[in-house]
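J.: 3D model of this:
(chains A and B)
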Number of protein chains: 2
Amino acid sequence: MSKLVIVGTVAFDAIETPFGKTDKILGGAATFIGLAASQFNVDGAIVSVVGGDFPQEYLDILSSKNLDISGIEIVTEGKTFFWSGKYHNDMNTRDTLVTELNTLADFNPIVPENYKNAEVVVLGNLHPNIQMGVLDQMIKKPKMAILDTMNFWMDCALEELKAVIKRVDVITINDEEARQLTSEYSLVVAARKIHEMGPKYVVIKKGEHGALLFHHNDVFYAPALPLEEVFDPTGAGDTFAGGFAGYLAKTEDFSFENLKNAVIYGSTLASFCVEKFGTERMENLAHKEVHRRLQQFKQLTQFEIELT
Amino acid sequence: MSKLVIVGTVAFDAIETPFGKTDKILGGAATFIGLAASQFNVDGAIVSVVGGDFPQEYLDILSSKNLDISGIEIVTEGKTFFWSGKYHNDMNTRDTLVTELNTLADFNPIVPENYKNAEVVVLGNLHPNIQMGVLDQMIKKPKMAILDTMNFWMDCALEELKAVIKRVDVITINDEEARQLTSEYSLVVAARKIHEMGPKYVVIKKGEHGALLFHHNDVFYAPALPLEEVFDPTGAGDTFAGGFAGYLAKTEDFSFENLKNAVIYGSTLASFCVEKFGTERMENLAHKEVHRRLQQFKQLTQFEIELT
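T.: Next up is the predicted model:
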């Protein structure tokens, strides 16, 4: 079992979908990544910052999942990062209504001493300089540094982002963002260009259309489970990354073959995340439910053609 | 080996993509379906109509693939159906520039006598009354009647379309069209509603995102092969249907498990179709190339998770 470090937001979200809306609830990239990774009983730590307004009960949720929260700084006089968004009817696009950085604006991540030798590091979506700050604190090169990012940083901190991309083993990125980063429409060509920027593995997330894992000339495709209803997509990409990283931390096998399994676990956990608002489904997800859904993924994708 | 009847257009296409443009070349749904099905050396017949302007060499191409063309009526004083379209940069959307029905306007399909007992029938995209006319000529109920259709018929001949849908075993339909037909956004719910309209199997085509096969509560997902370049998508959906039908006609196994394989073959053949303009790639496709690409599909989708 490898140690896992997760840096990212721990936040308040307020979400509106065609199915309803929430007040401020528990959200943030590191929250979703941590909840997903905790499915594998990993020894994980979250590095983040919150304000004095952040409820102890939310921190307790993370602790109860065996996640080390000593790296979550509490700025008592500050306020917690807040994001609010509204999804369109197709659930694939959304408008951001509010972004309040609050304590995140001056966030200086501190990796807890006993996690500075972690083998797996997840750099959740944040300013690339913060992501880099975490990598710099590791006392040995992680076996698997996983970067998640988004178009916002390409627009406003591209050079810093490229510097982080150069140092990671895996990048997880949306299809449209892969296209933006490389100016290539073909995802195959875009993945190749991103390889050349540094990462050995490129994961392109296509939302309801699944995810592609590229490793030079090898490609693997994990579909998203076709669902009757997507209730709230918030956190699905982070949950994917958390499942991916948690599985790798547990198995300590960083081969392409095992990364395929990690992608399947990521897709499986993401399929739960979207079933309820926010973190609700992930907070109460039993191992046997995951097991059953993995069976569904097998039935969904496995076939037996005799090649003659 | 089952007999296969294919009804659909045999036509001229003129295509413009970001990569170039063609004059009038060989096209049409039945052409692409037939070429794909011919990969399985099936005993297939095409039912269609062309004008006196249709080159003998195009008919010879179909004959050379062991396709019976006695059901292609030649109206010497008429002109062949002509479609012209221009693809946008994303290759997923296109504008129709010209549609000349010509001889298709009065097409009265005649199934050759010795194919009226065919076990597999493909109703390519055409007016539903023509599709129904072919079903009516079959002297025994086919084991597998496969319907392909599009939004155009939903707009102008919905009741006739529903009557055909009621009588077929499989429908292949695009995702957006499945949504239009059922007024449901979720493809899972849309597929269920289409089941209720008649077909035991529902295949929803998602273009570059692959295809879903539904059979009541079972789902199977065949991705599209991620390609560096899609050169010309024309005929990809028909090629999918032709590969699907050809494989079923060859194997004569109409179980869900075998339909999974048929979907994989359909996706595999479609991945070749888009590599060149029109029918060019499909005319010169060797068995061993298909075999190699099926291996790629296995690598793309198969994984080995130990479920504990």
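
J.: Spell out which residues of the stretch 151-300 of chain A are next to chain B.
T.: For the stretch 151-300 of chain A, the residues found near chain B under the criterion Cβ under 8 Å from any Cβ of the partner chain are A:185-189, A:206, A:209-210, A:212, A:218-221, A:223, A:226-230, A:257, A:260-261, A:264-265, A:291, A:294-295, A:298-300. Just so you know, the C-beta spots here come from the backbone N, C-alpha and C atoms, and that holds for glycine as well.

J.: Looking at those residues, which are in helices?
T.: When helices are assigned by DSSP state H, the members of those inside them are A:187-189, A:257, A:260-261, A:264-265, A:291, A:294-295, A:298-300.

J.: can you tell me which two in the residues you listed are farthest apart?
T.: With Cβ to Cβ as the measure, no two of these lie farther apart than A:Val189 and A:His291, at 37.3 Å.

J.: which of the ones in helices among the residues of the stretch 151-300 of chain A next to chain B are buried?
T.: A:Leu187, A:Val188, A:Val189, A:Lys260, A:Asn261, A:Ile264, A:Tyr265, A:Leu294, A:Leu300 (16 or more other Cβ atoms under 10 Å in any protein chain shown).

J.: Name the nearest of these relative to A:Ala178.
T.: Of all these, A:Ala178 sits closest to A:Leu187, with 6.3 Å by Cβ to Cβ.

J.: show me the contacts for the closest one.
T.: With contacts defined as Cβ atoms under 8 Å, 6 or more residues apart in numbering or on different chains, A:Leu187 is in contact with A:Asp175, A:Ala178, A:Arg179, A:Ile204, A:Leu212, B:Pro226.

J.: Output the below-cut-off pLDDT ranges for the stretch 101-250 of chain A.
T.: For the stretch 101-250 of chain A, no stretch has pLDDT under 70.

J.: Do a quick rundown of the helices in it.
T.: With DSSP state H, counting those that start in this stretch applied, the stretch 101-250 of chain A shows helices at A:128-137, A:151-156, A:158-165, A:175-182, A:187-197, A:236-251, listed in chain order.

J.: The fourth one vs helix A:187-197, what angle?
T.: Relative orientation of helix A:175-182 and helix A:187-197, computed by axes from the mean of the first three to the mean of the last three Cα atoms, to 10 degrees: 50 degrees.

J.: Pull the residues that contact helix A:175-182.
T.: When contacts are taken as Cβ under 8 Å, 6+ apart, the neighbours of helix A:175-182 outside the stretch itself are A:149-151, A:154, A:173, A:185, A:187, A:189-191, A:193-194, A:202, A:204-207.

J.: my guess is A:Asp238 contacts A:Phe32, does it?
T.: Yes - under the criterion of Cβ atoms under 8 Å, A:Asp238 lies in contact with A:Phe32, with a separation of 3.6 Å.

J.: which one of these two has more residues nearby?
T.: Neighbour totals were compared for A:Asp238 and A:Phe32, and A:Phe32 leads with 33 against 30 (other Cβ atoms under 10 Å in any protein chain shown).

J.: which SSE is that one in?
T.: Using DSSP states H and E, A:Phe32 falls within helix A:29-37.

J.: And the next helix or strand past that helix?
T.: Along the chain past helix A:29-37, the next helix or strand (assigned with DSSP H and E) turns out to be strand A:43-51.

J.: circling back to that earlier point, looking at the helices of the stretch 101-250 of chain A, which is buried most?
T.: Burial among the helices of the stretch 101-250 of chain A, expressed as mean neighbours by mean count of other Cβ atoms under 10 Å in any protein chain shown, is greatest for helix A:236-251, which shows a mean of 28.

J.: Output the contacting helices and strands for that helix.
T.: Helices and strands touching helix A:236-251, as assessed by 3 or more Cβ pairs under 8 Å, 6 or more residues apart in numbering or on different chains; DSSP states H and E, comprise strand A:3-7, helix A:29-37, strand A:43-51, strand A:120-123, strand A:144-148, strand A:170-174, strand A:201-205, helix A:256-273.

J.: Tabulate the ones you listed in a markdown table, adding columns for distance to B:Leu104.
T.: Formatted as a markdown table, the helices and strands packed on helix A:236-251 follow (distance: least, Cβ to Cβ, whole Å):
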| stretch | distance to B:Leu104 |
| --- | --- |
| strand A:3-7 | 61 |
| helix A:29-37 | 54 |
| strand A:43-51 | 64 |
| strand A:120-123 | 58 |
| strand A:144-148 | 52 |
| strand A:170-174 | 43 |
| strand A:201-205 | 42 |
| helix A:256-273 | 44 |
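
J.: Quick one, which of those gets closest to A:Ala105.
T.: The closest approach between A:Ala105 and any of the helices and strands packed on helix A:236-251, judged by Cβ to Cβ, belongs to strand A:43-51 at 9.7 Å.

J.: CA atoms of the closest one as PDB?
T.: As requested, C-alpha coordinates have been extracted for strand A:43-51 and formatted as PDB (Å, rounded to 0.1, in the frame of the first residue of the first chain):
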ATOM      1  CA  ASP A  43      -3.100   5.900   3.600                       C
ATOM      2  CA  GLY A  44      -4.000   9.300   2.100                       C
ATOM      3  CA  ALA A  45      -3.600  12.900   3.200                       C
ATOM      4  CA  ILE A  46      -5.400  16.000   1.900                       C
ATOM      5  CA  VAL A  47      -3.500  19.300   1.500                       C
ATOM      6  CA  SER A  48      -5.800  22.200   1.300                       C
ATOM      7  CA  VAL A  49      -7.100  25.300   3.100                       C
ATOM      8  CA  VAL A  50     -10.500  26.400   4.500                       C
ATOM      9  CA  GLY A  51     -11.800  29.300   6.400                       C
END
